[in-house]
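K.L.:
next come a sequence and a model predicted from it.
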Amino acid sequence: MTVRSRTAVTALAGLTVGAIALSGCSAGETAAPGPDDKIKIVASTSVWGSVAQAVGGDAVEVESIISDAGADPHSYESSPQDAAKISDANLVVLNGGGYDEFMTQVLGQNAKPTVQAVDSEHPEPAPAEGEHAGEQHAGEPHAGEPHAEEPHAGEPHAEEPAGGHEGHDHSVNEHVWYDLHVVHEVADKIAAELGKIQPGKAQQFEANAAGFEQQVAGLEGRVGEIAAAHQGKPVIVTEPVAHYMIESAKLNDVTPPSFVNAIESETDPSAAAVADVQNAINARQAVAVIYNPQTESPVTRNVRTAADAQRIPVVEMTETLPEGAGYVQWMDAQITALQGALNR
């Protein structure tokens, strides 16, 4: 598999809830479920499907368009069957930010209540190169906080407006399910939308969301433990899927900018960029390599081989859930793997 081609992300992070703008609204109208019927939810990936299931519980029926742990959501093309599932849904949950573009294409013809993790309807220009405004939630580090060292070129973050997470700039990296604050907020928005669909169960959905968010808070605590014990430790990434978790853990991403910028610009890294990352590994400039097997290519396989040769731990962090795992279980396992690698 070659390095994927992705849609450039120019999105202001936030949560879009409601019907996505349409042409011909009647085409996608779905009969509202009765008070004892299951609410049909369609999610773009198993990640958001798992969050929706946790909030909806027994009152929902969730189907994820992409659930294959080996699939690459960036390059997925929807089928007529996918479009039919979305058309029949009572609620649609997607990532946004150019990540699951196939969903927004289908939704362009369907009027649906929608929860979107990245608000692509309000793009914000990225700051000029070299600008890197930091942010921090009270009492803990957060994605958007500066690296311990200089940030990679092309990784600016906007200041978060006072009083909330809305407006947090995810214009650089769309993998927002690694930002545990965003996951918390998506759960709240799903509960609110489900409550509108079945008002008699609104309190049940709110209680489910609160229980899920308590588990997510436990994950945040574990990431905080990593930050306390390993702040500033250098890591290398083959692709910045876990960018927000790395920043929340206060780790120092030392991946050569030439390599990251090539990946982020949808191109294969140049020979010089590959040499830069290989030299960094051979010089043992990192204590761990964060590896995304779903975007594997000959280049990234060589990076992993080099890390193994130098006995640098490789931590796999993916874009969809392993079969049979829920969001919290999956994320907890990845945090455990990262913590183990850093402890080595």
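P.N.:
Arrived safely, thanks for sending. Numbering: from 1, shown residues only.

K.L.:
helices of the stretch 151-300 of the chain, residue ranges please.
P.N.:
Secondary structure of the stretch 151-300 of the chain (DSSP state H, counting those that start in this stretch): helices at 180-197, 202-230, 243-248, 257-264, 271-282, 298-309.

K.L.:
which of those sits most buried?
P.N.:
Most buried of these by mean neighbour count (mean count of other C-beta atoms under 10 Å) is helix 243-248; its value is a mean of 25. C-beta here means a position set from N, CA and C on the backbone, and glycine is covered the same way.

K.L.:
elements contacting that one?
P.N.:
helix 202-230, strand 234-237, strand 252-253 (3 or more C-beta pairs under 8 Å, 6 or more residues apart in numbering; DSSP states H and E).

K.L.:
now render those as TSV, adding distance to A117 and mean pLDDT.
P.N.:
Below are the helices and strands packed on helix 243-248 laid out as TSV (distance: least, C-beta to C-beta, whole Å; pLDDT from 0 to 100):
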stretch	distance to A117	mean pLDDT
helix 202-230	14	98
strand 234-237	21	96
strand 252-253	22	96
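
K.L.:
mind putting these in JSON lines, distance to G108 included?
P.N.:
Shown next, in JSON lines, are the helices and strands packed on helix 243-248 (distance: least, C-beta to C-beta, whole Å):
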{"stretch": "helix 202-230", "distance to G108": "28"}
{"stretch": "strand 234-237", "distance to G108": "33"}
{"stretch": "strand 252-253", "distance to G108": "36"}
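
K.L.:
looking at these, spot the one closest to G326.
P.N.:
Nearest to G326 among the helices and strands packed on helix 243-248 is helix 202-230 (9.3 Å), distances taken as C-beta to C-beta.

K.L.:
remind me which residues of the stretch 201-344 of the chain are low pLDDT?
P.N.:
264-266 (pLDDT under 70).

K.L.:
hang on, the earlier thing: V62: which of the helices and strands packed on helix 243-248 is closest?
P.N.:
Nearest of the helices and strands packed on helix 243-248 (C-beta to C-beta): helix 202-230, 12.8 Å.

K.L.:
what angle separates that closest one from helix 180-197?
P.N.:
180 degrees (axes from the mean of the first three to the mean of the last three C-alpha atoms, to 10 degrees).

K.L.:
can you pull out the strands in the stretch 51-200 of the chain?
P.N.:
For the stretch 51-200 of the chain, the strands defined by DSSP state E, counting those that start in this stretch occupy 60-66, 91-96, 113-119.

K.L.:
now the ones you listed in a markdown table, with mean pLDDT?
P.N.:
Conversion of the strands of the stretch 51-200 of the chain to a markdown table gives the following (pLDDT from 0 to 100):
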| stretch | mean pLDDT |
| --- | --- |
| strand 60-66 | 95 |
| strand 91-96 | 95 |
| strand 113-119 | 91 |
